[in-house]
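Engineer: Using only what follows, build the 3D model:
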Amino acid sequence: MTKKALVVEDDSNIAELLRLYLEKDGFTVSIADNGAAGVAAFESFDPDIVLLDIMLPILDGWGVCKEIRTVSSVPIIILTAKGETIDKVSGLEMGADDYLVKPFEVGELIARVHAVMRRYDPSEEENSKRLVFENLIIDMDSFELLVHGKRVEAPPKEMELLFHLASSPNRVYTRNILLDEVWGFDYFGDSRTVDVHIKRLREKLENVSETWSLKTVWGVGYKFELLDGRQGV
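Structural biologist: Just a heads-up that it's a prediction; the model follows:
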(Lines give C-alpha, C1' and ligand atoms only; values in the text may rest on other atoms or scores of the structure.)
Protein backbone atom coordinates (compact mmCIF):
# COMPACT_ATOMS: atom_id res chain seq x y z
CA MET A 1 0.00 0.00 0.00
CA THR A 2 1.28 3.48 -0.90
CA LYS A 3 2.29 5.57 2.11
CA LYS A 4 1.12 9.19 2.45
CA ALA A 5 3.28 12.09 3.62
CA LEU A 6 2.03 15.54 4.66
CA VAL A 7 4.55 18.37 4.24
CA VAL A 8 3.71 21.53 6.20
CA GLU A 9 6.22 24.10 4.92
CA ASP A 10 5.77 27.73 3.84
CA ASP A 11 8.92 27.83 1.68
CA SER A 12 7.60 26.63 -1.68
CA ASN A 13 11.07 25.66 -2.97
CA ILE A 14 11.73 23.39 0.01
CA ALA A 15 8.20 21.98 -0.13
CA GLU A 16 8.46 21.08 -3.81
CA LEU A 17 11.92 19.57 -3.33
CA LEU A 18 10.55 17.37 -0.56
CA ARG A 19 7.58 16.43 -2.75
CA LEU A 20 9.93 15.39 -5.55
CA TYR A 21 12.08 13.16 -3.35
CA LEU A 22 9.20 11.67 -1.39
CA GLU A 23 7.24 10.83 -4.53
CA LYS A 24 10.37 9.30 -6.03
CA ASP A 25 10.54 7.18 -2.86
CA GLY A 26 6.97 5.97 -3.38
CA PHE A 27 4.96 8.36 -1.19
CA THR A 28 1.78 10.20 -2.09
CA VAL A 29 2.40 13.78 -0.93
CA SER A 30 0.17 16.64 0.23
CA ILE A 31 1.57 20.12 0.92
CA ALA A 32 0.25 22.85 3.22
CA ASP A 33 1.90 26.30 3.34
CA ASN A 34 0.66 27.44 6.77
CA GLY A 35 -0.16 25.89 10.12
CA ALA A 36 -3.93 26.16 9.89
CA ALA A 37 -3.92 24.57 6.43
CA GLY A 38 -1.64 21.88 7.83
CA VAL A 39 -4.14 20.93 10.54
CA ALA A 40 -6.96 20.85 7.97
CA ALA A 41 -4.87 18.78 5.56
CA PHE A 42 -4.03 16.33 8.32
CA GLU A 43 -7.73 15.74 8.98
CA SER A 44 -8.63 15.27 5.30
CA PHE A 45 -5.50 13.57 3.98
CA ASP A 46 -4.90 11.15 6.90
CA PRO A 47 -1.12 10.90 6.33
CA ASP A 48 1.22 8.16 7.53
CA ILE A 49 3.92 10.71 8.41
CA VAL A 50 4.12 14.51 8.83
CA LEU A 51 7.12 16.70 7.93
CA LEU A 52 6.54 19.88 9.88
CA ASP A 53 8.26 23.26 9.71
CA ILE A 54 8.24 25.35 12.90
CA MET A 55 8.23 28.94 11.58
CA LEU A 56 4.81 28.92 9.88
CA PRO A 57 2.23 31.67 9.29
CA ILE A 58 -1.17 31.67 11.09
CA LEU A 59 -0.27 28.75 13.39
CA ASP A 60 3.32 27.78 14.12
CA GLY A 61 4.68 24.24 14.04
CA TRP A 62 4.43 23.82 17.80
CA GLY A 63 0.72 24.54 17.55
CA VAL A 64 0.28 22.13 14.64
CA CYS A 65 2.13 19.42 16.52
CA LYS A 66 -0.05 19.97 19.59
CA GLU A 67 -3.24 19.78 17.51
CA ILE A 68 -2.14 16.56 15.81
CA ARG A 69 -1.10 14.94 19.08
CA THR A 70 -4.57 15.49 20.57
CA VAL A 71 -6.03 13.08 17.99
CA SER A 72 -3.18 10.96 16.59
CA SER A 73 0.19 9.37 17.28
CA VAL A 74 1.23 9.55 13.61
CA PRO A 75 5.02 10.05 13.18
CA ILE A 76 6.13 13.70 13.05
CA ILE A 77 9.53 14.96 11.92
CA ILE A 78 10.17 18.61 12.70
CA LEU A 79 12.10 20.69 10.14
CA THR A 80 13.43 24.03 11.30
CA ALA A 81 16.25 26.55 11.13
CA LYS A 82 16.36 26.56 14.93
CA GLY A 83 19.23 24.37 16.03
CA GLU A 84 19.46 25.12 19.74
CA THR A 85 19.29 22.14 22.06
CA ILE A 86 16.29 23.61 23.89
CA ASP A 87 14.28 23.68 20.64
CA LYS A 88 15.18 20.06 19.90
CA VAL A 89 14.17 19.01 23.39
CA SER A 90 10.94 21.05 23.17
CA GLY A 91 10.00 19.36 19.91
CA LEU A 92 10.61 15.87 21.22
CA GLU A 93 8.79 16.58 24.47
CA MET A 94 5.81 17.90 22.53
CA GLY A 95 5.54 14.59 20.74
CA ALA A 96 7.72 14.88 17.64
CA ASP A 97 9.60 11.73 16.69
CA ASP A 98 12.63 13.35 15.11
CA TYR A 99 14.15 16.79 14.53
CA LEU A 100 16.20 17.97 11.56
CA VAL A 101 17.87 21.38 11.33
CA LYS A 102 17.93 23.33 8.06
CA PRO A 103 19.83 23.24 5.81
CA PHE A 104 19.76 19.46 5.58
CA GLU A 105 20.56 16.82 2.98
CA VAL A 106 17.36 15.40 1.49
CA GLY A 107 18.92 11.95 1.52
CA GLU A 108 19.39 12.21 5.26
CA LEU A 109 15.77 13.28 5.69
CA ILE A 110 14.50 10.33 3.63
CA ALA A 111 16.62 7.98 5.75
CA ARG A 112 15.05 9.44 8.90
CA VAL A 113 11.57 9.11 7.39
CA HIS A 114 12.15 5.39 6.82
CA ALA A 115 13.58 4.90 10.30
CA VAL A 116 10.61 6.59 11.97
CA MET A 117 8.14 4.70 9.79
CA ARG A 118 9.69 1.39 10.80
CA ARG A 119 9.02 2.19 14.45
CA TYR A 120 5.34 2.81 13.74
CA ASP A 121 4.56 -0.02 11.32
CA PRO A 122 3.90 -3.20 13.35
CA SER A 123 3.75 -5.42 10.27
CA GLU A 124 7.07 -4.12 9.00
CA GLU A 125 8.62 -4.55 12.43
CA GLU A 126 7.29 -8.07 12.75
CA ASN A 127 8.49 -9.08 9.31
CA SER A 128 11.93 -7.57 9.67
CA LYS A 129 13.25 -9.37 12.76
CA ARG A 130 15.24 -11.79 10.62
CA LEU A 131 17.23 -10.76 7.57
CA VAL A 132 18.73 -13.30 5.19
CA PHE A 133 21.47 -12.64 2.64
CA GLU A 134 24.00 -14.87 0.92
CA ASN A 135 26.02 -16.64 3.65
CA LEU A 136 24.55 -14.31 6.29
CA ILE A 137 21.58 -14.40 8.65
CA ILE A 138 20.86 -11.58 11.11
CA ASP A 139 18.30 -12.86 13.61
CA MET A 140 17.21 -10.23 16.12
CA ASP A 141 14.72 -12.51 17.88
CA SER A 142 17.55 -14.72 19.09
CA PHE A 143 20.29 -12.08 18.71
CA GLU A 144 22.26 -14.48 16.54
CA LEU A 145 24.61 -13.64 13.73
CA LEU A 146 25.13 -16.63 11.43
CA VAL A 147 27.93 -16.60 8.87
CA HIS A 148 28.14 -19.60 6.53
CA GLY A 149 25.61 -21.24 8.85
CA LYS A 150 27.83 -20.89 11.92
CA ARG A 151 27.15 -18.61 14.87
CA VAL A 152 29.52 -15.67 15.18
CA GLU A 153 29.76 -13.83 18.49
CA ALA A 154 28.58 -10.21 18.23
CA PRO A 155 27.62 -7.84 21.06
CA PRO A 156 24.06 -6.41 21.01
CA LYS A 157 25.07 -3.01 19.63
CA GLU A 158 26.98 -4.60 16.75
CA MET A 159 23.91 -6.71 15.98
CA GLU A 160 21.60 -3.69 16.14
CA LEU A 161 23.90 -1.61 13.94
CA LEU A 162 24.25 -4.32 11.30
CA PHE A 163 20.52 -5.05 11.35
CA HIS A 164 19.72 -1.35 11.00
CA LEU A 165 21.98 -0.93 7.97
CA ALA A 166 20.90 -4.19 6.34
CA SER A 167 17.20 -3.39 6.80
CA SER A 168 17.60 -0.68 4.15
CA PRO A 169 20.19 -1.99 1.67
CA ASN A 170 22.11 0.64 -0.30
CA ARG A 171 20.75 3.47 1.85
CA VAL A 172 23.50 5.74 3.17
CA TYR A 173 23.44 6.66 6.86
CA THR A 174 25.50 9.42 8.44
CA ARG A 175 27.26 8.68 11.73
CA ASN A 176 24.92 11.04 13.56
CA ILE A 177 21.82 9.31 12.21
CA LEU A 178 23.19 5.95 13.30
CA LEU A 179 23.95 7.33 16.75
CA ASP A 180 20.38 8.64 17.03
CA GLU A 181 18.66 5.55 15.67
CA VAL A 182 20.81 2.75 17.09
CA TRP A 183 22.21 4.26 20.27
CA GLY A 184 19.30 6.63 20.94
CA PHE A 185 18.68 10.37 21.23
CA ASP A 186 20.04 10.45 24.79
CA TYR A 187 23.44 9.08 23.77
CA PHE A 188 26.14 11.75 24.03
CA GLY A 189 29.15 9.72 22.94
CA ASP A 190 31.56 10.48 20.11
CA SER A 191 30.58 9.61 16.54
CA ARG A 192 33.78 7.54 16.35
CA THR A 193 31.81 4.94 18.30
CA VAL A 194 30.11 4.08 15.00
CA ASP A 195 33.48 3.72 13.25
CA VAL A 196 34.72 1.30 15.92
CA HIS A 197 31.62 -0.90 15.64
CA ILE A 198 31.80 -0.90 11.83
CA LYS A 199 35.47 -1.94 12.01
CA ARG A 200 34.62 -4.88 14.29
CA LEU A 201 31.75 -5.97 12.04
CA ARG A 202 33.98 -5.86 8.98
CA GLU A 203 36.51 -8.11 10.69
CA LYS A 204 33.75 -10.68 11.21
CA LEU A 205 32.20 -10.34 7.75
CA GLU A 206 35.27 -9.95 5.54
CA ASN A 207 35.06 -11.93 2.28
CA VAL A 208 31.83 -13.66 3.35
CA SER A 209 30.03 -12.80 0.11
CA GLU A 210 30.53 -11.05 -3.21
CA THR A 211 26.87 -9.95 -3.33
CA TRP A 212 26.89 -7.62 -0.31
CA SER A 213 29.32 -5.67 1.85
CA LEU A 214 29.61 -2.94 4.48
CA LYS A 215 30.72 0.15 2.59
CA THR A 216 32.12 3.48 3.68
CA VAL A 217 30.73 6.45 1.75
CA TRP A 218 33.57 8.88 2.22
CA GLY A 219 32.60 12.17 3.80
CA VAL A 220 29.08 10.90 4.52
CA GLY A 221 28.82 7.65 6.45
CA TYR A 222 28.06 3.98 5.86
CA LYS A 223 25.75 1.66 3.98
CA PHE A 224 25.03 -2.05 3.59
CA GLU A 225 25.62 -2.43 -0.13
CA LEU A 226 23.61 -5.13 -1.86
CA LEU A 227 25.36 -5.60 -5.18
CA ASP A 228 22.86 -7.85 -6.93
CA GLY A 229 19.80 -5.92 -5.77
CA ARG A 230 18.25 -8.95 -4.08
CA GLN A 231 17.69 -9.79 -0.47
CA GLY A 232 17.73 -13.43 0.46
CA VAL A 233 19.29 -16.55 -0.94
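
Engineer: Which residues does stretch 201-217 contact?
Structural biologist: Residues outside stretch 201-217 that contact it (C-beta atoms under 8 Å, 6 or more residues apart in numbering): 133-136, 145, 147-148, 152, 154, 158, 161-162, 165-166, 169, 172, 198, 222-228, 230. Bear in mind the C-beta positions are built from the backbone N, C-alpha and C, glycine included.

Engineer: gap between residue 56 and residue 34?
Structural biologist: Distance, residue 56 to residue 34, by C-beta to C-beta, to the nearest Å: 6 Å.

Engineer: Look at the two and report which has more neighbours.
Structural biologist: Applying other C-beta atoms under 10 Å to residue 56 and residue 34 shows that residue 56 carries more neighbours, namely 23 against 18.

Engineer: next SSE after whichever helix or strand residue 196 is part of?
Structural biologist: Assigned by DSSP states H and E, residue 196 belongs to helix 192-205. Next along the chain after helix 192-205, taking DSSP H and E as the criterion, comes strand 212-217.

Engineer: Whichever helix or strand comes after that next one - contacts with which helices or strands?
Structural biologist: Scanning forward in sequence from strand 212-217 by DSSP H and E, the next helix or strand is strand 221-226. Under the contact criterion of 3 or more C-beta pairs under 8 Å, 6 or more residues apart in numbering; DSSP states H and E, strand 221-226 touches helix 156-167, strand 173-174, helix 175-178, helix 192-205, strand 212-217.

Engineer: and with 10 Å instead?
Structural biologist: Here strand 221-226 touches helix 106-120, strand 130-133, helix 156-167, strand 173-174, helix 175-178, helix 192-205, strand 212-217, going by 3 or more C-beta pairs under 10 Å, 6 or more residues apart in numbering; DSSP states H and E.

Engineer: May I see the PyMOL selection of the buried members of the contacts of stretch 201-217?
Structural biologist: In PyMOL, this line selects whichever of the contacts of stretch 201-217 come out buried by 16 or more other C-beta atoms under 10 Å:
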select buried, resi 133+134+135+136+145+154+158+161+162+165+166+169+172+198+222+223+224+225+226
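
Engineer: Give the bridge partners for the residue of the chain most remote from its centre, please.
Structural biologist: Computed with C-alpha atoms, centre = their mean, the residue of the chain farthest from its C-alpha average is residue 150, at 30.7 Å. Here residue 150 sits in beta bridges with residue 147, going by DSSP bridges.

Engineer: Can you check the pLDDT for it?
Structural biologist: Per-residue pLDDT puts residue 150 at 90.

Engineer: ok, now residue 121?
Structural biologist: The model's pLDDT for residue 121 equals 67.

Engineer: Please apply the same query to residue 108.
Structural biologist: 74.

Engineer: mind listing what it touches?
Structural biologist: Applying C-beta atoms under 10 Å, 6 or more residues apart in numbering to residue 108 gives the contacts 100, 172, 173, 174, 176, 177, 220, 221.

Engineer: what's the answer for residue 183, then?
Structural biologist: By C-beta under 10 Å, 6+ apart, the contact list for residue 183 reads 157, 160, 161, 189, 193, 194, 197.

Engineer: Surely the fifth one and residue 200 touch.
Structural biologist: No: because the distance of 11.1 Å does not satisfy C-beta atoms under 10 Å, residue 193 is recorded as not touching residue 200.

Engineer: Need the overlap of contacts for these two.
Structural biologist: Joint contacts of residue 193 and residue 200 (C-beta under 10 Å, 6+ apart) are 157, 161.

Engineer: out of the helices and strands packed on strand 221-226, deepest packed?
Structural biologist: Among the helices and strands packed on strand 221-226, judged by mean count of other C-beta atoms under 10 Å, the one packed with the most neighbours on average is strand 173-174 (a mean of 24).
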